[in-house]
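Chemist: Predicted model follows, preceded by the sequence.
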Amino acid sequence: MSTALDDSALIDAFLDGLWLERGASDNTLAAYRHDLNTWQARLAGLGATLLAPPPRALPDWLDERREAGYKLRSNARLLSSLRRFYHWALGEGRIEYDPLAEIKLPRVTPSLPNTLEEGEVERLLEAPDVDTELGLRDRAMLEVLYGAGLRVTELVGLTTDALNLRQGVVRVRGKGDKERLVPLGEEAVDWLSLYLRSARGALMRDVTRPALFPGRGDACLTRQAFWYRIKAHARSAGIDRSLSPHTLRHAFATHLLNHGANLRVVQLLLGHSDLSTTQIYTHVAQVRLEALHAEHHPRG
């Protein structure tokens, strides 16, 4: 029978394969490791191992998690992680059958992303005090975030050599370490140019450091620090709805579709590997259209 040490080595081997074959990000690998370590600990308490779970072990655990208040989406994500592990183990010849083959994945209704109306975006973009270096930095960051639809982690990690302001594009390193070129738009280019001329040098002790948007010690501004700044600017703009770090990215996609953009183009701009991930924004646009119809049509 395998020991706990054997199970840990199995998890390491699975994650190594996931990284080599799919280029999974550190965050993705950490999520898989957490799920598998939790499952392995659960099995160890039952005197079992990863490759030989008792038939009722997972269904019973999922039932306990539901009773403890875990959301359906959380259980679905956990089961998805375990499915991928056992699919890998089967392909590697470590097991003869998939112990989760008969367990159904919970059906999860996709939640619509929280986004902003175009007027709210304008107020948020105009909130920073651009007479200060920090305010000018924040304005440039917000313009890039909305103009290019970046993830916050992609934005804060940008370096000066990723920009080509003459062509109006930025080179982005996204999930799975995949690169894509994204157009910035005229407004973002103008604010970036002003920021680079007037503020970046004043915010840095060593301007040869590569961070496009510096925080402390000339390193890239952290995701947490920028998120704090976004929330402060939202309050100044009188936006009291709940925001998320992806709010402007959601607004970017939704507003493009509202103005007639092709879904596959939006997929490429967002860096989604699967079109189904992008399709959620068609639902957002549809909900908005239905709300407008109900509000303004005489028979709405």
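Modeler: In hand now; what should we look at? Residues are numbered from 1 along each chain as shown.
Chemist: going forward, measure contacts between C-alpha atoms and count neighbours the same way
Modeler: Noted.
Chemist: measure L43 to L136 for me?
Modeler: Distance, L43 to L136, by Cα to Cα, to the nearest Å: 54 Å.
Chemist: again, but for E21
Modeler: Distance from E21 to L136, by Cα to Cα: 41 Å.
Chemist: if you count what's nearby, which of these two comes out ahead?
Modeler: Neighbours per residue (other Cα atoms under 10 Å) separate E21 from L136, with L136 holding more: 22 against 9.
Chemist: where's the more buried one relative to N258, distance?
Modeler: Taken as Cα to Cα, the span from L136 to N258 is 29 Å.
Chemist: Would you verify that V182 is located in a helix?
Modeler: No - V182: not assigned to a helix; according to DSSP: H, G, I helix; E, B strand; the rest coil it is strand.
Chemist: That one touches A148, doesn't it?
Modeler: Yes - shown here, V182 and A148 form a contact pair, counting by Cα atoms under 8 Å, at 6.2 Å.
Chemist: The two - which one has more neighbours?
Modeler: Legend: neighbour count by other Cα under 10 Å for V182 and A148, higher for A148 (25 against 19).
Chemist: list the contacts for that one?
Modeler: Going by Cα atoms under 8 Å, 6 or more residues apart in numbering, A148 touches 182-185, 252, 269.
Chemist: so what's G147 closest to, chain neighbours aside?
Modeler: Nearest residue to G147 in three dimensions, chain neighbours excluded: L184, at 5.5 Å (Cα to Cα, 6 or more residues apart in numbering).
Chemist: count of neighbours near that neighbour?
Modeler: Number of residues near L184 (other Cα under 10 Å) recorded here: 24.
Chemist: Can you give me the pLDDT of it?
Modeler: At L184, the model reports a pLDDT of 90.
Chemist: ditto for T109
Modeler: The predicted local confidence for T109 is 53.
Chemist: Walking through the stretch 101-250 of the chain, point out its helices one by one.
Modeler: For the stretch 101-250 of the chain, the helices defined by DSSP state H, counting those that start in this stretch cover 118-125, 133-148, 152-156, 186-198, 200-203, 223-236, 247-258.
Chemist: Mind putting those helices into CSV with distance to L58?
Modeler: Output for the helices of the stretch 101-250 of the chain, formatted as CSV (distance: least, Cα to Cα, whole Å):
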stretch, distance to L58
helix 118-125, 45
helix 133-148, 41
helix 152-156, 34
helix 186-198, 50
helix 200-203, 53
helix 223-236, 35
helix 247-258, 35
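Chemist: I figured R209 hits C220, correct?
Modeler: No - at 9.5 Å, R209 does not count as touching C220 under the criterion of Cα under 8 Å.
Chemist: overlap in contacts of the two?
Modeler: Taking Cα under 8 Å, 6+ apart as the criterion, R209 and C220 do not both touch any residue.
Chemist: Out of the helices of the stretch 101-250 of the chain, which gets nearest to D35?
Modeler: helix 152-156 (23.0 Å; Cα to Cα).
Chemist: quick one on the thing from earlier: give me the common contacts of V182 and A148.
Modeler: L269.
Chemist: which stretches of the stretch 51-200 of the chain have low pLDDT?
Modeler: Where the stretch 51-200 of the chain drops to pLDDT under 70, the residues are 105-114.
Chemist: rerun that using 50 as the cut-off
Modeler: Along the stretch 51-200 of the chain, no part satisfies pLDDT under 50.
Chemist: What segments of the protein are strands?
Modeler: With strands called from DSSP state E, the chain shows them at 163-164, 169-173, 179-183.
Chemist: Out of those, which one sits most buried?
Modeler: The highest mean neighbour count among the strands of the chain, using mean count of other Cα atoms under 10 Å, belongs to strand 169-173: a mean of 20.
Chemist: what packs against that one?
Modeler: Packing partners of strand 169-173 (3 or more Cα pairs under 8 Å, 6 or more residues apart in numbering; DSSP states H and E): strand 163-164, strand 179-183.
Chemist: Could you export these as a markdown table, including distance to P59?
Modeler: As requested, the helices and strands packed on strand 169-173 are exported to a markdown table (distance: least, Cα to Cα, whole Å):
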| stretch | distance to P59 |
| --- | --- |
| strand 163-164 | 50 |
| strand 179-183 | 40 |
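Chemist: Pull the number of nearby residues for D206.
Modeler: 11.
Chemist: do you know how far it is from A101?
Modeler: D206 is 57 Å from A101, by Cα to Cα.
Chemist: Q267 versus the closest residue to P53 other than its chain neighbours, what's the distance?
Modeler: Excluding its sequence neighbours, the residue lying closest to P53 (Cα to Cα, 6+ apart) is L43, at 6.7 Å. Counting by Cα to Cα, the gap from L43 to Q267 is 40 Å.
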